[in-house]
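Asker: any chance you could fold what I've pasted below:
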Amino acid sequence: MTSSRYHGARWSSAALPEQTEPWPAARPPHLVDDFEDHYDIQPAELREYARDKPWVMPSRTMYFFCDVHADATAFRDSLMASGGVELTGPGVLDFRLTEEGRGALFVIAGDCFDKGPHNLNLLRALGHLIKQGGDVEVLAGNHDLRTLVGLEYLGRKEPRFAHLFVRMGKKSVPLFKEILEAHPPSAAARDAAPSEAELRRLMFPPESWFTDFPRAAHGLINEIKLKKELVRIREKIRELSDKVHELGLTLRDLYLAVSACREHFLGPEGEFTWFFERMRLARRWGSFLLVHAGVDDKAAAIIGREGVEGLNQRFDALRRSDLFELYHGPIGNCFRTKYREIDYPLTERGVADMHGAGLYAIVHGHRNILCGQRMVMRRGLLNVECDASVDANTRVIEGLEGRGAAALVFRGDGSITGVSTDHARAKRLELRETGGLVTIIP
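Answerer: Residues are numbered from 1 along each chain as shown. Below is the predicted model of the structure:
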């Protein structure tokens with residue numbers, strides 16, 4: 001790989017790799033992450049897993065991006081890293097599709113909101129990609145759904161719903177400040193807004209909620225997760241109030257910003273209404289499941305019976321009828337799980353359902369990692385993890401230098417390439433070399 005692969009690289013400061021290496025590469029077994037996982041499985045382990053499986057790969061090129069978290073520059077540079085766009089200038093909208101990009105699928109696998117420097121510019125860059133003719137599929141991330149849920153349920157006082165605005169947390173406040181700056185409310189709107197005391201009652205769950213919620217959520221949230229949720233909501237009430245104050249806002253500002261967000265994200269003529277309307281839960285790509293976080297036994301069973309489209313139909317139905325169950329239930333586990341004790345479990349039964357459906361690997365983000373994409377085994381299922389910590393704020397927290405960019409590229413020759421600014425070489429997996437039977441389909 002040479003730098004000519006990155007079209008318009010002179011307009012970017014992202015230090016992208018210029019050479020490739022086999023993936024996975026043999027590495028010292030002591031290289032582990034914060035979760036005590038080896039960074040990549042060993043080549044022999046992958047060959048053992050892949051052997052004799054009838055792998056399928058579409059002949060079309062597909063680019064996979066995730067967890068860009070409101071960083072439009074990181075997204076633009078990641079698009080360039082994939083080979084799907086050419087940069088034409090320094091701005092976040094200064095790009096156009098390459099010849100390869102015009103025929104490819106762009107999958108944006110969740111978490112466009114929060115953390116990064118500018119939510120609205122990120123969405124505008126994504127919209128620009130669509131307007132240019134890019135074939136774009138948007139998958140749901142936990143931060144995206146949390147934003148949708150918060151906007152939908154502000155002011156609801158039923159025990160299942162009263163906490164869902166606060167659930168957005170302090171990371172949502174920069175979005176509200178952005179929307180106020182982009183669409184300043186009129187003096188009349190400010191005068192008509194409720195008082196600070198009324199707004200506190202409107203936005204925050206009452207003390208009785210901490211007793212009523214466990215009964216309302218019984219059967220949907222396990223006891224461990226329920227206890228954690230009660231503690232977390234108390235923390236989020238305090239954190240949200242503190243962040244509003246830190247950014248020089250008031251609760252009245254927050255209320256007016258939410259009203260503007262509802263208009264621009266949920267209204268029929270909203271600038272960003274297309275984002276949530278376009279969102280799906282999962283995508284099948286041959287033998288690979290593309291999703292934000294992962295699966296559990298219940299999701300795997302649905303896939304086994306109804307296919308990935310059945311999973312998407314369940315997601316759509318819950319999005320229309322009950323965002324609480326969507327966010328907290330097993331469907332929501334697909335954009336929330338980290339395979340912790342509090343998550344819905346994936347066991348051998350779920351893996352058998354996935355394999356029975358011809359799905360042998362999950363490609364996802366959600367758990368940020370520091371040295372580019374990696375391959376790990378979880379509960380006997382291959383996971384390709386792709387949250388490469390590209391947004392500027394995460395990079396500061398993690399001590400990563402320079403601008404972030406990352407893309408995972410599937411090509412019809414049976415190869416998968418992981419490109420990241422945080423690994424010296426692009427990682428290239430030749431699926432045919434794993435010992436499995438690989439079929440390329442139209």
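Asker: for the stretch 151-300 of the chain, just list every one of the strands.
Answerer: Assigned by DSSP state E, counting those that start in this stretch, the stretch 151-300 of the chain shows strands spanning 279-280, 283-285, 288-290.
Asker: so which of these gets nearest residue 408?
Answerer: strand 288-290 (9.7 Å; CB to CB). Bear in mind the C-beta positions are built from the backbone N, C-alpha and C, glycine included.
Asker: nearest to residue 341, of the strands of the stretch 151-300 of the chain?
Answerer: strand 288-290 (23.2 Å).
Asker: strand partners of the closest one, parallel vs antiparallel please.
Answerer: strand 283-285 (antiparallel), strand 361-364 (parallel) (DSSP bridges).
Asker: quick one: mean pLDDT for the shortest one?
Answerer: Summarised as a single mean, pLDDT over strand 283-285 is 98.
Asker: again, but for the longest one
Answerer: In this model, strand 361-364 has an average pLDDT of 98.
Asker: what's the following helix or strand after that strand?
Answerer: Remark: after strand 361-364, the chain's next helix or strand is strand 374-378, criterion DSSP states H and E.
Asker: how near is residue 143 to residue 131?
Answerer: 24 Å (CB to CB, to the nearest Å).
Asker: repeat for residue 395
Answerer: Residue 395 is 29 Å from residue 131, by CB to CB.
Asker: between the two, which one's more packed in?
Answerer: Of the pair residue 395 and residue 131, residue 395 is the one with more neighbours under other CB atoms under 10 Å, namely 22 against 10.
Asker: name the helix or strand for the more buried one, please.
Answerer: With DSSP H and E as the test, residue 395 turns up in helix 392-398.
Asker: list the buried residues in that helix.
Answerer: 392-395 (16 or more other CB atoms under 10 Å).
Asker: ditto for stretch 330-340
Answerer: Per 16+ other CB under 10 Å, stretch 330-340 contains these buried residues: 330-337, 339.
Asker: first-to-last residue distance for that stretch?
Answerer: 14 Å (CA to CA, to the nearest Å).
Asker: quick one: average pLDDT of it?
Answerer: Here the average pLDDT along stretch 330-340 is 92.
Asker: if we can go back for a sec, name the nearest of the buried residues of stretch 330-340 relative to residue 209.
Answerer: residue 332 (20.2 Å).
Asker: contacting residues for the closest one?
Answerer: By CB atoms under 8 Å, 6 or more residues apart in numbering, the contact list for residue 332 reads 142, 145, 325-326.
Asker: what does stretch 14-23 rub up against?
Answerer: By CB under 8 Å, 6+ apart, the list of residues contacting stretch 14-23 reads 1-3, 6, 9, 40, 43, 77, 80-81, 375, 402-405, 416-421, 423-430.
Asker: distance to residue 16 added to the strands paired with strand 288-290, as JSON lines?
Answerer: Formatted as JSON lines, the strands paired with strand 288-290 follow (distance: least, CB to CB, whole Å):
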{"stretch": "strand 283-285", "distance to residue 16": "24"}
{"stretch": "strand 361-364", "distance to residue 16": "20"}
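Asker: give me whichever of these is most buried.
Answerer: strand 361-364 (a mean of 24; mean count of other CB atoms under 10 Å).
Asker: run through who's touching that strand.
Answerer: Against strand 361-364 from outside (CB under 8 Å, 6+ apart): 64, 66, 109, 285, 287-295, 381-386, 408.
Asker: mind checking how far that strand is from the chain centre?
Answerer: 13 Å (CA atoms, centre = their mean, to the nearest Å).
Asker: pick out the residue closest to the middle of this structure.
Answerer: Central residue of the chain (CA atoms, centre = their mean): residue 110, 2.4 Å from the mean position.
Asker: where in this structure is the helix or strand with the lowest mean pLDDT?
Answerer: Taking mean pLDDT, DSSP states H and E as the measure, the chain has helix 323-328 as its least confident helix or strand, at a mean of 90.
Asker: buried residues in that one?
Answerer: 323-324, 326-328.
Asker: ok so, going back, need the pLDDT of the closest residue to the residue nearest to the centre of the chain other than its chain neighbours.
Answerer: Distances taken as CB to CB, 6 or more residues apart in numbering place residue 141 nearest to residue 110, at 2.4 Å, with adjacent residues excluded. On the pLDDT scale, residue 141 is placed at 97.
Asker: how close does residue 141 get to residue 194?
Answerer: 32 Å.
Asker: likewise residue 280?
Answerer: Look at residue 280 and residue 194: by CB to CB, they are 36 Å apart.
Asker: go on, residue 293?
Answerer: When distance is defined by CB to CB, residue 293 is 37 Å away from residue 194.
Asker: those two - which one has more neighbours?
Answerer: A count of neighbours by other CB under 10 Å puts residue 293 above the other of residue 293 and residue 194, at 26 against 14.
Asker: so what's the more buried one closest to, chain neighbours aside?
Answerer: Nearest to residue 293 is residue 366, by CB to CB, 6+ apart, at 4.0 Å.
Asker: count of neighbours near the closest residue to residue 57 other than its chain neighbours?
Answerer: Leaving aside its chain neighbours, residue 57 sits nearest to residue 286 (4.6 Å; criterion: CB to CB, 6+ apart). Number of residues near residue 286 (other CB under 10 Å) recorded here: 22.
Asker: now for residue 286: which residues touch it?
Answerer: Per CB under 8 Å, 6+ apart, neighbours of residue 286: 55-58, 441.
Asker: now do the helices in the stretch 1-150 of the chain.
Answerer: 43-50, 72-82, 99-102, 119-131, 142-153 (DSSP state H, counting those that start in this stretch).
Asker: return the most buried member of the ones you listed.
Answerer: helix 72-82 (a mean of 28).
Asker: how about it as CSV, C-alpha atoms only?
Answerer: Output of helix 72-82 as CSV, limited to C-alpha atoms (Å, rounded to 0.1, in the frame of the first residue of the first chain):
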residue,chain,number,x,y,z
ALA,A,72,-16.7,15.3,11.3
THR,A,73,-13.0,15.5,10.5
ALA,A,74,-12.3,12.0,11.7
PHE,A,75,-15.3,10.8,9.6
ARG,A,76,-14.0,12.6,6.5
ASP,A,77,-10.5,11.2,7.0
SER,A,78,-11.9,7.7,7.6
LEU,A,79,-13.8,7.9,4.3
MET,A,80,-10.6,8.8,2.6
ALA,A,81,-8.8,5.9,4.4
SER,A,82,-11.3,3.5,2.9
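Asker: hang on, the earlier thing: which among the contacts of stretch 14-23 end up buried?
Answerer: The neighbour count (16+ other CB under 10 Å) marks 6, 9, 40, 43, 77, 80-81, 375, 403-405, 416-421, 423, 425-429 as buried among the contacts of stretch 14-23.
Asker: what's the burial count for the residue lying closest to residue 265 once chain neighbours are set aside?
Answerer: Distances taken as CB to CB, 6+ apart place residue 272 nearest to residue 265, at 5.0 Å, with adjacent residues excluded. The number of residues packed near residue 272 is 19, by other CB under 10 Å.
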